[in-house]
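Colleague: mind folding the following:
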Amino acid sequence: MSATKRRNRNPDQPRARRNTRAEQTESFANRVKLHRRIARGSASRLLETPASSLVTLFVVAVALLLPALLFGLNSNLASLLAGFQDSAQVTLYLQDGVSEVDGQEVSESLLTRIDIEDAYYVSPSQALEEFSAASGLEDLLQEMATNPLPGAIVLTPADVSPAAVDELARQLQELPQVDVVQVDSLWLQRLAAISNLVSAIGSVLAVIVILGLFFVVGNTIKLAIENRKAEIRVIKLVGGSDMYAARPFLYTGLLYGLGGGILATLLQGLVLTTFNSNLEVLMQLYESDFQLRGFGFRSALLIVVAGAAIGWAAALMASLRHIRAINP
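Modeller: Reported below is the predicted structural model:
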């Protein structure tokens, strides 16, 4: 008899599993439809008050744009530093007793180092000719009995960061043939320091902006909840949870953050176009075609996603706090 029961049960078990899967699929589809309906309702309410919605979107966009521009400026400065790599030169003035042959050998040996991109030897006679042409004192220099200029080696570091250049200069100063090491990249070091300062300011501003966005979006959600108190009370009376009542406001915060992020990426194009028209005049003085680059696809996507996440999180905190205070 037990065998008969087992045979009778087996056909029903796969059917029960199929029914369970169908119910789960139907439940998931219903949830998707519900969220879609709530999202459309939130978007419709934003369109019902276009003026206030646009003001909030603009505030969110500007708040996201400011730190993004600073981080973008820092990235452009890093690109500018890399473009001026050849301008970061180190000059080694050799001892008086070093002959031209020895100077050439030292120059060739330096080329074997991985931290040196290029190096060439300048003889005392070549240095005198260059100085005469640059200063216009050919007649005076020709009357001198001896050449006062030493031989030199001009090299370009492979790494032009201030720390790497300083370390390279320290090592080269220890060479017995070297008298003085001169680093011709002080302005690059200043530019790198400015880049680090911009990055630090951007990080601090990003934290301030996040807190400000929580306040702006949270205050907007608070006003929306005040206008729909009666609806929230009805939801609570029929057994709806606080989280269920908060769903429309979560989508409202999400839409504010998403729209603000998209608007921020559009505004940065306008800002960079204005800056580049003025920057072009400055770069022509340095014989450079450098221009500020806008956000790439990943950076723009990051701004949009960050805006949406901040808007949703701010709406979650504000809506749950205020909805819990409403008694049915």
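
Colleague: Ser53 and Ser44: what is the separation?
Modeller: Going from Ser53 to Ser44 by Cβ to Cβ, to the nearest Å gives 11 Å. Glycine gets a C-beta too; all of them are placed from N, C-alpha and C.

Colleague: and the two? Which one has more around it.
Modeller: When Ser53 and Ser44 are compared on other Cβ atoms under 10 Å, the one with more neighbours turns out to be Ser53, at 19 against 9.

Colleague: tell me which element the more buried one falls in.
Modeller: helix 50-83 (DSSP states H and E).

Colleague: mind checking how far that helix is from the chain centre?
Modeller: The gap between the average C-alpha position of helix 50-83 and the chain average comes to 10 Å, counting by Cα atoms, centre = their mean, to the nearest Å.

Colleague: mind listing what's buried in that helix?
Modeller: Under the neighbour-count criterion of 16 or more other Cβ atoms under 10 Å, helix 50-83 has 53, 56-57, 59-61, 63-65, 67-77, 80-81 buried.

Colleague: list the helices and strands that helix packs on?
Modeller: helix 186-227, helix 242-285, helix 297-324 (3 or more Cβ pairs under 8 Å, 6 or more residues apart in numbering; DSSP states H and E).

Colleague: mind putting those helices into TSV with mean pLDDT?
Modeller: Converted to TSV, the helices and strands packed on helix 50-83 look like this (pLDDT from 0 to 100):
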stretch	mean pLDDT
helix 186-227	84
helix 242-285	85
helix 297-324	90
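
Colleague: got CSV for these, with distance to Ile114 and mean neighbour count too?
Modeller: CSV is the format used below for the helices and strands packed on helix 50-83 (distance: least, Cβ to Cβ, whole Å; neighbours: other Cβ atoms under 10 Å):
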stretch, distance to Ile114, mean neighbour count
helix 186-227, 21, 16
helix 242-285, 32, 18
helix 297-324, 31, 19
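
Colleague: for the ones you listed, which one sits closest to Val90?
Modeller: Between Val90 and the helices and strands packed on helix 50-83, the tightest spacing by Cβ to Cβ is seen for helix 186-227, at 11.7 Å.

Colleague: packing partners of that closest one?
Modeller: Judged by 3+ Cβ pairs under 8 Å, 6+ apart, the packing partners of helix 186-227 are helix 50-83, helix 162-173, helix 242-285, helix 297-324.
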